[in-house]
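**Q** starting from these lines, generate the structure:
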Amino acid sequence: MNPAVGTHPGSPSNGFATSSETNTETATATATEVAQAIIRADHLHWNGAGRLVFTGADGRVSVGVMPVRAFPISAAEEGLSLVDADGHELAWIDRLSDMPLAVQEAVRRGLQEREFMPEIQRLKAVSSYATPSTWQVDTDRGAFELVLKGEEDIRRLGGGALLVADSHGVQFLVRDLFALDRHSRKLLDRFL
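**A** Coordinates of the predicted model:
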């Protein structure tokens with residue numbers, strides 16, 4: 001089995017067993033076939049309707065496939081699952097960088113369409129140091145104005161990262177609190 005595609009934590013040793021596979025030999029054979037299929041770039045592509053299509057080793061075509069990260073912040077390029085429209089796992093990718101370039105591009109495009117987590121690069125102003133507070137921020141996706149309902153909507157992650165949820169449920173990421181400019185850190189410190 002290719003080291004880039006395989007098992008993930010909590011899965012059977014073959015990494016691809018589904019509820020319909022009850023025979024271990026069948027599951028192992030299916031795992032091997034799927035592992036080899038995901039390696040080939042022609043088995044994962046975008047169709048004319050803008051939907052991601054995965055073709056399994058058995059020739060079964062799944063339209064509307066979505067890549068899902070197991071660890072979206074701490075290991076964004078590792079541990080990805082390709083799931084069908086019903087949420088059933090079709091394949092597991094240990095490291096995206098081990099995949100052919102065409103597969104990497106297709107998966108990254110799918111992730112961009114699925115995930116919307118702007119990364120805060122600068123905190124320009126806050127309306128108040130009490131919540132609710134309106135923040136004006138610059139992100140990797142442009143300028144935003146978000147409303148922080150309460151201090152509990154700021155979650156500390158490892159390595160100085162923060163996850164900030166606004167009043168509309170949009171998650172904003174601060175990848176490294178200590179890499180922000182002094183003004184941004186000073187404003188943010190009031191809420192931490």
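**Q** so what's Ala85 up against?
**A** For Ala85, the contacting residues are Ser62, Val63, Gly64, Val65, Met66, by Cβ atoms under 8 Å, 6 or more residues apart in numbering. Where C-beta positions appear, they are placed from N, C-alpha and C, glycine not excepted.
**Q** in this protein, where is pLDDT below threshold?
**A** The chain contains residues with pLDDT under 70 at 1-41.
**Q** bridged to the spatially most central residue of it, which residues?
**A** With distances taken as Cα atoms, centre = their mean, the residue of the chain nearest its centroid is Arg69 (3.7 Å). For Arg69, the beta-bridge partners are Leu80 (DSSP bridges).
**Q** how near is it to Phe54?
**A** Going from Arg69 to Phe54 by Cβ to Cβ, to the nearest Å gives 17 Å.
**Q** check Val107 too.
**A** Look at Val107 and Phe54: by Cβ to Cβ, they are 10 Å apart.
**Q** kindly report the same for Asp138.
**A** According to Cβ to Cβ, Asp138 and Phe54 sit 37 Å apart.
**Q** between those two, tell me which one has more neighbours.
**A** Taking other Cβ atoms under 10 Å, Asp138 and Phe54 do not tie; Phe54 has more neighbours (24 against 16).
**Q** tell me who's in contact with that one.
**A** Contacts of Phe54 by Cβ under 8 Å, 6+ apart are Ile38, His43, Leu44, Val61, Ser62, Val65, Leu82, Asp84, Leu90, Ala91.
**Q** ok, and the closest non-adjacent residue to Ala75?
**A** Counting by Cβ to Cβ, 6 or more residues apart in numbering, Ala75 lies nearest to Arg69, which is 8.0 Å off, once chain neighbours are set aside.
**Q** residue contacts, that neighbour?
**A** Contacts for Arg69 were tallied using Cβ under 8 Å, 6+ apart; they are Ala75, Ala76, Gly79, Leu80, Leu111, Glu115.
**Q** give me the neighbour count for Leu123.
**A** Residues lying near Leu123 (other Cβ under 10 Å) number 21.
**Q** is the nearest residue in space to it that is not next to it in sequence within a helix or a strand, and which one?
**A** Excluding its sequence neighbours, the residue lying closest to Leu123 (Cβ to Cβ, 6+ apart) is Ser184, at 4.0 Å. Following DSSP states H and E, the helix or strand that holds Ser184 is helix 182-189.
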